[in-house]
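quick one: sequence and predicted model below, then my questions.
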Amino acid sequence: MKEVQLYIEGQRVDLFKDETISVTQSIQNVKDPAKIFTEFSKTFSVPASKSNNKIFKHYYNYDIVNGFDARQKVSAEIMLNYISFKLGYIKLEGVDLVDNKPHTYRITFFGSTVTLKDLIGEDKLGALTWLDNFAVEYSAANIQTGLTTGFNKIVDSVVYSSAIITPLISHTKRLYYDSSAPSAETGNLYYDGTTNEGVLWSDLKYSIRVHCIIKAIEKQYGITFSTDFFNTSNSIYHNLYMWMHRVKGNVQSSLSGDLLYSKVVLWNTFDASDGNSIIYTDPEDEGIFNVNLIYGQIATATFNFTTSSTDNYNIYLKKNGVTVAEYRNQNGNFSFSYYFNDESLNGQYSVTLESKVGISFSPNTDIDFVINTDLTTYNYTATSFNDDIDAFFLFYPTQQLPEIKVLDFLTGIFKMFNLTAYVENGIIIVTTLDSFYSSNNKYDVSEYVSTNKKSVDTALPYKQIDFRYAGNKTFLADKFLQLNNQEFGALEYKSNNDNFLGDIYKIELPFEKMIYERLTDYTDTNTTIQWGWMADNKEEAYIGSPLIHYAYKITSGTTISFRISLTTKTSLNRYHIPLNQNGISVDSRSLNFKAEIDEFNLVENANGLFVNYVSYISDIFNAQKRLTKLTAYLPLKIFTKIKLSDRFIITNRKYFINSIDTNLQTGESKLELLNDLTTD
């Protein structure tokens, strides 16, 4: 019998002597191959003892101010015989009363990784305010720079190379190349020096490196991902871009629907009359002010705008990147108030101004905060040091990135490359499943396995697994579907035996799968031009799902015509082309699950996602693969050391760990194991 110790935020919790605590451990279960798991326990009870009442602050008494907040998880540690077993978090589920007196607290233990969902919540990519460090002016000159070279950005003293580029993806206009019939105002990319053909600069939008989005997530939520996969030397990851396409067709201010000049107000430090930090500015992002009220406090913020201009302007107050108040078509001096009357309103706030012309605000904009508590009133004031609306349109990533939740974006990247995650020393280790399993120890547990009961099941309860992208309706992708009766890049993986039983399991990435086109001249001569078209099967502008793509910079290619305005053009032989593979070399790593024709080289590329990252599925479909279930009583010297990447050896046979469900008091572990078919 093992003795279990539970600590919540460093305080030891009293346990019932006869209470059973069981913990389930799994990193990636074959029954649900698209999900990432972590340790969790079934809900168990602890007594409402004097010390536990203190820990949970008499939760049953809702009259207590600043009591225990059961809406949040708190740090916890499980020890076995005073040996550290697991770090994680406890969630208070509730309290049971007997004869109107507290009797038990119901709690659940969670491993560390699940807090990622708690941290991120429902935030969308637009909430990642750090990304606005990568804002660039949306103009003909800058679109051309993004197309030919890209923008290097220095943020927090770190150089992000080619952080922003302009890929040759048209949001509306169809592009083609025909040297025989140049004509004005068309999408013909042939440059002849006389007619005004070519791609108009405003037909294009910027893309941002996915790496910048990953860094923004770290900054926003105070977390750190390991560099096992998320590193700049890993070109498979680092060369990924997301096209900044929130609305179909022309670029717009995401707030108003028009192409307006926009400005995020930058703030000086708040003058806190009492010296505390209920309201404070973010030193790394001067456009952010934080509201951190505690229970019982309410606040009123009054925003004052002073200008002699008679031109209209719009004001947007945003919390965590989402608009919570807006005032359109104001002119002259204007003030509005916003009330913070609940802790749920805490968060990061910013103010954005918009107008059709440049507007100067003088004296500067200011915010007056009045915070009331039961005992005292606090007064805060902040003034802006930069709120003039300059007469150029800044392309803010937070306003232009697709409408996708941060968690869905991360989940999509994880599914794309079959990544797995776990927490180690406060860092979220992110690595491919193959890499995770490549580092392992082997434990011979034969003597600890019970021989009374054992079952051997089929390894995978599915007859087929489908891998696909959520979006597949752009013009060429839709044509491909109609002609081939299957989606481009998608894969239906199944055994050769059609008589297999089971359901179909679907793994879907929340991104768009676009087919790109390498252009040929009317003589059927290939050019070096490859482009994408975000249009539907009616050849109309299309919003689609968020688009992840690779890009390659053609440095001395077929000359294209780039229209600086409706009447002016220039010739370019350097430009970024979009790709489904990491480069233009034959057999470069592809973002397709299935082997497909490489649009640039026009040969089949079999070097896709399934082959490189989810081939473990084919191993599970192996006729010799089994899921073995048995019971073991593992000694602490093994139980406290094992990692889910380790192998168990039982009677000279080697097994992967699919899951372990352990009664911590008795030491009984129910094991689900997959036989390892390798010969090493």
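The structure has been received and is ready for your questions. Residues are numbered from 1 along each chain as shown.

okay, domains of the protein per the record?
What automatic domain parsing lists as the domains of the chain is 1-118+627-680, 173-205+462-617, 261-392.

which among those is found nearest to Glu403?
Among these, the nearest to Glu403 by C-beta to C-beta is domain 173-205+462-617 (8.1 Å). No exception for glycine: its C-beta is placed from N, CA and C like everyone else's.

how far does the closest one stretch from start to finish?
Across its full length, domain 173-205+462-617 reaches 41 Å end to end, with C-alpha to C-alpha, to the nearest Å as the criterion.

so that it lines up with my notes, have the first residue be 43 from now on.
Noted, 43 is the first residue going forward, which turns the last one into domain 215-247+504-659.

how about stretch 46-54: buried residues?
Of the residues in stretch 46-54, those buried under the neighbour-count criterion (16 or more other C-beta atoms under 10 Å) are Val46, Gln47, Leu48, Tyr49, Ile50.

and the contacts of it?
Around stretch 46-54, the neighbours that count as contacts under C-beta atoms under 8 Å, 6 or more residues apart in numbering are 55, 57, 63, 88, 93, 96-97, 116-122, 124, 132, 151, 706-707.

which elements pack onto the helix or strand where Gln390 lies?
Per DSSP states H and E, Gln390 falls inside strand 389-397. Helices and strands touching strand 389-397, by 3 or more C-beta pairs under 8 Å, 6 or more residues apart in numbering; DSSP states H and E, are strand 303-306, strand 327-333, strand 355-361.

now distance to Ala112, mean neighbour count and mean pLDDT too, for those strands, in JSON lines please.
Putting the helices and strands packed on strand 389-397 into JSON lines (distance: least, C-beta to C-beta, whole Å; neighbours: other C-beta atoms under 10 Å; pLDDT from 0 to 100) gives the following:
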{"stretch": "strand 303-306", "distance to Ala112": "36", "mean neighbour count": "23", "mean pLDDT": "79"}
{"stretch": "strand 327-333", "distance to Ala112": "23", "mean neighbour count": "20", "mean pLDDT": "78"}
{"stretch": "strand 355-361", "distance to Ala112": "24", "mean neighbour count": "21", "mean pLDDT": "90"}
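
circling back to that earlier point, so how do I select the buried members of the contacts of stretch 46-54 in PyMOL?
Provided next is the PyMOL selection string for whichever of the contacts of stretch 46-54 are buried by 16+ other C-beta under 10 Å:
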select buried, resi 55+57+63+88+97+116+118+119+120+121+122+132+151+706+707
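
keep only those of the contacts of stretch 46-54 that are in strands.
Assignment to strands by DSSP state E places the following of those there: Val55, Val88, Val116, Ser117, Ala118, Glu119, Ile120, Met121, Leu122, Ile132, Phe151.

CSV for the residues you listed, including pLDDT and distance to Val487?
Below are the ones in strands among the contacts of stretch 46-54 laid out as CSV (pLDDT from 0 to 100; distance: C-beta to C-beta, whole Å):
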residue, pLDDT, distance to Val487
Val55, 94, 30
Val88, 92, 31
Val116, 88, 34
Ser117, 88, 31
Ala118, 90, 28
Glu119, 89, 25
Ile120, 88, 21
Met121, 89, 22
Leu122, 86, 17
Ile132, 88, 30
Phe151, 86, 24
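
what two of these are the furthest from one another?
Val116 and Leu122 (20.7 Å).

just name the closest of the ones in strands among the contacts of stretch 46-54 to Asn654, please.
Distances from these to Asn654 were compared by C-beta to C-beta; the smallest belongs to Phe151, at 35.6 Å.

partners of the closest one in the sheet?
Applying DSSP bridges to Phe151 gives these bridge partners: Ile132.

wait, it sits on Glu135?
No - at 11.2 Å, Phe151 and Glu135 do not qualify as touching, with contact defined as C-beta atoms under 8 Å.

angle of the strand holding Gln390 against strand 355-361?
Angular relation of strand 389-397 and strand 355-361 on a 0 to 180 degree scale: 170 degrees, by axes from the mean of the first three to the mean of the last three C-alpha atoms, to 10 degrees.

quick one: strands adjacent to strand 389-397?
Using DSSP bridges, the strands paired with strand 389-397 are strand 303-306 (antiparallel), strand 327-333 (antiparallel), strand 355-361 (antiparallel).

okay if I get these as TSV plus distance to Tyr147?
Listed next are those as TSV, based on distance: least, C-beta to C-beta, whole Å:
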stretch	distance to Tyr147
strand 303-306	45
strand 327-333	31
strand 355-361	33
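
so for Asn383, which of these sits nearest?
Using C-beta to C-beta as the criterion, the shortest distance between Asn383 and the strands paired with strand 389-397 is 11.5 Å, found for strand 327-333.

how far off strand 355-361 does whatever helix or strand comes next after the closest one point, in degrees?
Read in the C-terminal direction, the helix or strand following strand 327-333 is strand 340-347, with elements assigned using DSSP H and E. Relative orientation of strand 340-347 and strand 355-361, computed by the same axes, to 10 degrees: 150 degrees.

in its sheet, what does strand 340-347 sit against?
Here, using DSSP bridges, strand 340-347 pairs with strand 376-382 (antiparallel), strand 408-414 (antiparallel).

ok, which of these comes nearest Gly650?
Where the strands paired with strand 340-347 are weighed against each other on C-beta to C-beta, the nearest is strand 376-382, at 50.0 Å.

pull out the buried positions in the closest one.
Along strand 376-382, the positions that meet the burial threshold by neighbour count (16+ other C-beta under 10 Å) are Tyr380, Phe382.
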